[in-house]
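**Student:** next come a sequence and a model predicted from it.
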Amino acid sequence: MSSNETLFAIAWRYEKDLEKLARANGLSPPYTIYRGQRLTLDTNRLPPVVSAAPPVKKQLKTATAPASTEKKGSPSPVKVTKPAPKLPESLPSVWRWQWPTQGRVVRYFNSTELFKGVDIESYSGQAVVAAAPGVVVYSGSGLRGYGELIIVKHSEEFLSAYAHSRQIFVKEGQMVKGGEKIAEVGGDPANSKRLYFEIRQKGKPVNPLNFLPRK
């Protein structure tokens, strides 16, 4: 785990719901974590409480941050993602999805092959737009394998991701409208004409074509 790891990045990597993961570890916004801190990935676990009951013997799956090489003392906080602002009550229903860019799908969602989204072939420099209104909860290149990545939270249930962008125009915490330009196609060194797009429902990848309008 790198020094700029965040709880949100951990939740995305392990396909966990952020709020449930935070609750399981007894964390509250802004979800500050530290190098060397052990985190449970079991989101069904209740936060630790003082109890006279014997410890549970069952070993929980955990993620551990690497020990710091700095001098002993107070643990240094890891850079954390700013807590996303609460979505307004007037936010339109998330089912009103739209295509994130112009082009054709050249690789499809396949859960058996662990391909969790779709590749849309377009052209370098083509606009990437938010597929639905929401708030940007991640913007950067800290998640390996995604290049320049944007993640938008549309509701407590849905997130969308836009990977391998050439240029990003939004920041974390920024509200975006459906159809608003957030990036450009062209950041994938292997294929600069493709956008990788993903939708997650309650933390789990789902087939984007079940939500996007038919062409």
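**Tutor:** Looks like it arrived, so ask away.
**Student:** in space, what's closest to Asp188 - neighbours in sequence excluded?
**Tutor:** Nearest in space to Asp188, with sequence neighbours left out and distances taken as CB to CB, 6 or more residues apart in numbering, is His164 at 3.7 Å. To be clear about C-beta, it is placed using only N, CA and C from the backbone, and glycine gets the same treatment.
**Student:** for that neighbour, give me its contacts.
**Tutor:** Under the criterion of CB atoms under 8 Å, 6 or more residues apart in numbering, the neighbours of His164 are 146-149, 187-188, 194-196.
**Student:** could you rerun that using 10 Å?
**Tutor:** Contacts for His164 (CB atoms under 10 Å, 6 or more residues apart in numbering) come out as 119, 128, 141, 145-149, 183, 185-192, 194-196.
**Student:** and the residues you listed, which of them are in strands?
**Tutor:** Counting by DSSP state E, the part of those found in strands is 119, 128, 149, 183, 185, 194-196.
**Student:** who's Ile151 bridged to?
**Tutor:** Tyr138, Ala161 (DSSP bridges).
**Student:** which residues does it contact?
**Tutor:** By CB under 10 Å, 6+ apart, the residues touching Ile151 are 8-9, 12, 81, 84, 134-140, 143, 159-163, 172, 198, 200.
**Student:** apply 7 Å and report the result again.
**Tutor:** Ile151 is in contact with 12, 137-138, 159, 161, counting by CB atoms under 7 Å, 6 or more residues apart in numbering.
**Student:** ditto for Val176
**Tutor:** Contacts of Val176 by CB under 7 Å, 6+ apart are 130, 133-134, 136, 152, 170, 182.
**Student:** would you mind checking those for buried ones?
**Tutor:** Among those, those classed as buried by neighbour count (16 or more other CB atoms under 10 Å) are 130, 133-134, 136, 152, 170, 182.
**Student:** ok so, going back, got a pLDDT number for the residue nearest to Asp188?
**Tutor:** pLDDT for His164: 92.
**Student:** likewise the one 3 residues further on?
**Tutor:** Confidence at Gln167, expressed as pLDDT, is 90.
**Student:** look up the residues forming beta bridges with the residue nearest to it when sequence neighbours are not counted.
**Tutor:** With CB to CB, 6+ apart as the criterion, Gln167 has its nearest non-adjacent residue at 4.7 Å, and that residue is Glu184. The partner list for Glu184 in beta bridges (DSSP bridges) reads Ala127, Gln167.
**Student:** returning to that earlier point: what's the most distant pair in the ones in strands among the contacts of His164?
**Tutor:** For the ones in strands among the contacts of His164, the maximum inter-member distance is 15.4 Å, found between Asp119 and Ala183 (CB to CB).
**Student:** and these two? Which one has more around it.
**Tutor:** Between Asp119 and Ala183, counted using other CB atoms under 10 Å, the more crowded position is Ala183 (27 against 21).
**Student:** domain assignment for this protein?
**Tutor:** Following automatic domain parsing, one finds the domains of the chain at 1-83, 104-210.
**Student:** avg pLDDT for the shortest one?
**Tutor:** Right, domain 1-83. In this model, domain 1-83 carries a mean pLDDT of 66.
**Student:** burial of Phe8, as a residue count?
**Tutor:** Neighbour tally, Phe8, other CB under 10 Å: 24.
**Student:** that older thread, taking the contacts of Val176 one by one, which sit in strands?
**Tutor:** Using DSSP E, 134, 136, 152, 182 are the members of those that sit in strands.
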